[in-house]
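Asker: Take a look and give me a structure for this.
(2 chains)
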Amino acid sequence: MIRLEKRKEPSKFWRIANPFLAVALTMLAGGIMFAMLGKDPLVAIRLIFFDPIFSETFGSYSRPQLLIKSAPLILIAVGLAIGFKANIWNIGAEGQYIIGALFGAGVALAFFPQPGWYIFPLMVLAGAFGGFLWAMIPAILKTRFNTNEILVSLLLVYVAEKILAAMALGLMRNPDIPGFPGSRDLRRYEAAHNAELFAGTGIHWGVVAALIAVIFAYAMMKRHMLGYHVQLAGQAPRAARFGGISPTRLVVICLGISGALAGLAGMFEVSGPGGQVRIEFASGYGFTAIIVAFLGRLNPVGIVLAGLLLGLTYIGGELSQMMLQLPSSAIQVFQGMLLFFLLALDFQTHYRLRLTRGVRT
Amino acid sequence: MMIGSINIAVLLAALMVAATPILLAAIGELVVEKAGVLNLGVEGMMIMGACVGFIVAVNTGSPLMGFIGAALGGIALSLLFALLTQALMTNQVASGLALTLFGLGLSALLGQKYVGITPPRTPKLDLGPLSEIPFFGRALFSHDIMVYLTLALVAAVWWFLKYARAGMILRAVGENHDAAHALGYHVKRVRVLAIMFGGACAGLGGAYLSLIRVPQWTEGMTVGIGWIALALVVFASWRPWRAMAGAYLFGGIVVLQLNLQAAGVKIPVEYLSMSPYLITIAVLVFISSGKARGALNAPGSLNRPFHASN
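Answerer: Numbering: from 1, shown residues only, chains lettered A, B, ... in the order given. The predicted structure follows:
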């Protein structure tokens, strides 16, 4: 009969191979799903994964989009991964993203229509601070009252969405166009506009920030004491406590970093590609980033690759919506399946299938 | 009885309706957690139940078939979770999250042709003279059958966990799976059955939303009720009757803020509709802080994977 046997050491090979295998399996299962929806699976898969980059007709539009969609995913996922490593589960990045955007936009709207080189840097600081602040709520409740950070951070997403709606309809509404929800378009306010840095590439300050965050996180996890503490706390919490690592400090740091990065992502989005504070501003990056973090094996370099892939599915999703009238939710199912397959495949990282003869005792 | 422009009997009646989906999901998750499994996919299973229940009810014209379909839909999704966490030993937190993300996407996909349709009406249960009683008749005895079945389910779960032999085995598995295994109980089998029960309950709760409470299908219509149900299990410190009290409390808050919105109170709608989430957080803080000691009642093996090494 077949039995599972725990490996003494997690398999290095499967750790690296599984994400690729998961992507392949998702394409297969996704193809079946597309076929059931009455679309040609090969065309759909090609449209999602290849055409955004290689097609001559769409490429010039969608290639820059790749960085625009991937940057927030990577920025958020890098922060989340640090916490996940330490078993600190911030799943409310979507909320921190929204609050960061509101803080950033708030600064811009307060200065409108003044020019000034200092406005954009101030917005960056405000965005990071907003996300940090929102993440401090679950952090402090966790450390002070031992409240579950998973539930609190998630419930705060719904609160943040309500605040966003209230802002778009009230305080931040554009006074020049009465009767319409939504703030001024920050892309038309030069001092606050997170513009493309090199024409036609999609590179804006958020992409630069994501790159810096990746390098920073890599250095921290591999070279810095804090990275060691995070890993130890995740793998051997008791040993970490005996080693004098304060769990309180770790919770605050992990949630703080991931909150600030999510806030930054929101701020770069609202001042650039998003353009304005609207009710529909939140696009689920905060949740997709969770998938990115896992798919990238909680490793900064892996997260870059995973972020690019999921960014691609966003663009491919739009493309297939346009070309094949595929529903937008199909991409959400696709992303969910990816995480399922990855988690399922990971059993072979930790366990080995053994064929044994004889009866079980 | 009236307070201002708000009729108390109507308010109580609305409260029972608002509380039922939360209570259904919470009582299911309570049993799952009592067996030592943390399934964070409640929201995903609920929305699947809401969607599948709606589709079945519209196509068959029967709300009853809808509820059965919803329970099966919830079970189907929960089996995916069971496969991952029990057979493939995956992380329960990550698997639960995956379940929620997947369920939200899949339900949106399945339900896209059903937006804007009105489902078949679920009749009120005819309780005869009981519903004629002044005040109480309107508040307590004027509901559909699901409201009462849910209460019966709470009683059944309470009895099961406290007195039934199978319930004691389930608790043993949740408190200490190694000891339960050593005693010869099938830890995984018990857990899979508990997970399926949780899936069925969450599915029913979702269908109650789409078939009775709202009644319509819209994408993402569970708006975090599954997560509130998860919080409710902690709030109830894993006791069925307290889960009921908690659900009715939340139902009351939801209904009250809706009434305040309708009454035109000078607070923007967005801030009022935040209140259920904020109050859930406040209650969680109160329960988990040292004073209330509720969290100490958590099952001993909760969220710990079990693998029999020999």
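Asker: where does the chain have low pLDDT?
Answerer: In the absence of a named chain, this looks at chain A. Where chain A drops to pLDDT under 70, the residues are A:1-2, A:356-361.
Asker: wrong one, chain B
Answerer: For chain B (pLDDT under 70), the answer is B:1-6, B:290-296, B:309-310.
Asker: Do a quick rundown of the helices in it.
Answerer: B:8-34, B:42-60, B:63-82, B:92-110, B:136-140, B:145-163, B:165-175, B:177-182, B:187-208, B:225-235, B:240-262, B:269-272, B:275-288 (DSSP state H).
Asker: anything in the shortest one near chain A?
Answerer: I take that to be helix B:269-272. Yes: remark: helix B:269-272 sits within contact range of chain A at B:270-271, by CB under 8 Å from any CB of the partner chain. Bear in mind the C-beta positions are built from the backbone N, C-alpha and C, glycine included.
Asker: could you dump that helix to CSV, C-alpha only?
Answerer: Output in CSV follows, covering the C-alpha atoms of helix B:269-272 (Å, rounded to 0.1, in the frame of the first residue of the first chain):
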residue,chain,number,x,y,z
VAL,B,269,-24.1,55.7,5.7
GLU,B,270,-20.5,54.6,5.2
TYR,B,271,-19.7,55.1,8.9
LEU,B,272,-22.8,53.4,10.2
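Asker: Point out the residues in the stretch 151-300 of chain B that sit beside chain A.
Answerer: So the stretch 151-300 of chain B meets chain A at B:219, B:223-224, B:227-228, B:230-231, B:234, B:268, B:270-271, B:273-274, B:277-278, B:280-281, B:284-285, B:288-290, B:295 (CB under 8 Å from any CB).
Asker: Can you tell me which of the helices of chain B is nearest to residue A:343?
Answerer: For the helices of chain B, the distance to residue A:343 is smallest for helix B:92-110, at 5.7 Å, taking CB to CB.
Asker: can you tell me which of the helices of chain B comes nearest to residue A:232?
Answerer: Judging the helices of chain B by CB to CB, what sits closest to residue A:232 is helix B:92-110, at 19.4 Å.
Asker: The closest one - contacts with which helices or strands?
Answerer: helix A:285-295, helix A:329-345, helix B:42-60, helix B:63-82 (3 or more CB pairs under 8 Å, 6 or more residues apart in numbering or on different chains; DSSP states H and E).
Asker: hmm, try it at 10 Å
Answerer: helix A:149-169, helix A:285-295, helix A:329-345, helix B:42-60, helix B:63-82, helix B:187-208, helix B:225-235 (3 or more CB pairs under 10 Å, 6 or more residues apart in numbering or on different chains; DSSP states H and E).
Asker: about what we covered before: buried ones among the residues of the stretch 151-300 of chain B next to chain A?
Answerer: With burial judged by 16 or more other CB atoms under 10 Å in any protein chain shown, the buried subset of these is B:219, B:223-224, B:227-228, B:230-231, B:234, B:270-271, B:273-274, B:277-278, B:280-281, B:284-285, B:288-289, B:295.
Asker: now the helix or strand containing residue A:227, how far from the chain's geometric center?
Answerer: For residue A:227, the host element (DSSP states H and E) is helix A:225-235. Offset of helix A:225-235 from its chain centre (CA atoms, centre = their mean, to the nearest Å): 22 Å.
Asker: What is that helix packed up against?
Answerer: helix A:59-85, helix A:205-223, helix A:237-242, helix A:247-271.
Asker: The shortest one near chain B anywhere?
Answerer: I take that to be helix A:237-242. No: residues of helix A:237-242 contacting chain B under CB under 10 Å from any CB of the partner chain: none, with a closest distance of 12.7 Å.
Asker: Same check on the last one?
Answerer: No: if you take CB under 10 Å from any CB as the test, helix A:247-271 misses chain B, and the best it gets is 13.9 Å.
Asker: ok, now the first one?
Answerer: Yes: Helix A:59-85 comes into contact with chain B (CB under 10 Å from any CB), by way of residue A:84.
Asker: and the direction of that helix versus that of helix A:149-169, what angle?
Answerer: Angle, helix A:59-85 to helix A:149-169, by axes from the mean of the first three to the mean of the last three CA atoms, to 10 degrees: 140 degrees.
Asker: What residues sit buried inside helix A:59-85?
Answerer: Result for helix A:59-85 [16+ other CB under 10 Å]: buried residues A:62-85.
Asker: hmm, back to that, export the helices and strands packed on helix A:225-235 to TSV and tack on distance to residue B:72?
Answerer: Below are the helices and strands packed on helix A:225-235 laid out as TSV (distance: least, CB to CB, whole Å):
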stretch	distance to residue B:72
helix A:59-85	33
helix A:205-223	43
helix A:237-242	40
helix A:247-271	37
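Asker: Out of those, which gets nearest to residue A:320?
Answerer: Closest to residue A:320 of these is helix A:59-85 (CB to CB; 11.8 Å).
Asker: That closest one: what's the following helix or strand?
Answerer: helix A:93-111.
Asker: Can you give the distance of that next one from its chain's centre?
Answerer: The answer for helix A:93-111 is 17 Å, by CA atoms, centre = their mean.
Asker: Please apply the same query to stretch A:157-173.
Answerer: For stretch A:157-173, the separation from the chain centroid amounts to 21 Å (computed by CA atoms, centre = their mean).
Asker: does it come close to chain B?
Answerer: Yes: using CB under 10 Å from any CB, stretch A:157-173 reaches chain B at A:157-170.
Asker: just stretch A:14-32 next, same as before
Answerer: No: interface with chain B: stretch A:14-32 contributes nothing (CB under 10 Å from any CB), its closest point being 11.4 Å away.
Asker: Need the residues of stretch A:157-173 next to chain B in TSV (columns: distance to residue A:316 and neighbour count).
Answerer: Compiled in TSV, these are given as follows (distance: CB to CB, whole Å; neighbours: other CB atoms under 10 Å in any protein chain shown):
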residue	distance to residue A:316	neighbour count
A:157	26	23
A:158	29	22
A:159	32	25
A:160	28	27
A:161	26	22
A:162	32	20
A:163	32	20
A:164	27	24
A:165	29	22
A:166	34	19
A:167	32	25
A:168	29	24
A:169	33	17
A:170	37	12
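Asker: so which of those residues comes closest to residue A:184?
Answerer: Using CB to CB, residue A:168 comes nearest to residue A:184 of the residues of stretch A:157-173 next to chain B, at 11.4 Å.
Asker: Verify the stated contact: the closest one with residue A:109.
Answerer: No: applying CB atoms under 10 Å as the test, residue A:168 and residue A:109 come out as separate, 11.9 Å apart.
Asker: shared neighbours of these two, which are they?
Answerer: A:174, A:183, A:276-277 (CB atoms under 10 Å, 6 or more residues apart in numbering or on different chains).
Asker: circling back to that earlier point, okay, buried residues for the helix holding residue A:227 please.
Answerer: A:226-234.
Asker: Can I get it in PDB, CA atoms only?
Answerer: What follows is helix A:225-235, C-alpha atoms only, in PDB (Å, rounded to 0.1, in the frame of the first residue of the first chain):
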ATOM      1  CA  MET A 225      20.200  39.700  12.600                       C
ATOM      2  CA  LEU A 226      16.500  40.600  12.300                       C
ATOM      3  CA  GLY A 227      16.100  38.200   9.300                       C
ATOM      4  CA  TYR A 228      17.600  35.400  11.400                       C
ATOM      5  CA  HIS A 229      15.200  36.300  14.300                       C
ATOM      6  CA  VAL A 230      12.200  36.200  11.900                       C
ATOM      7  CA  GLN A 231      13.200  32.700  10.600                       C
ATOM      8  CA  LEU A 232      13.900  31.400  14.000                       C
ATOM      9  CA  ALA A 233      10.600  32.600  15.400                       C
ATOM     10  CA  GLY A 234       8.800  30.900  12.500                       C
ATOM     11  CA  GLN A 235      10.500  27.600  12.700                       C
END
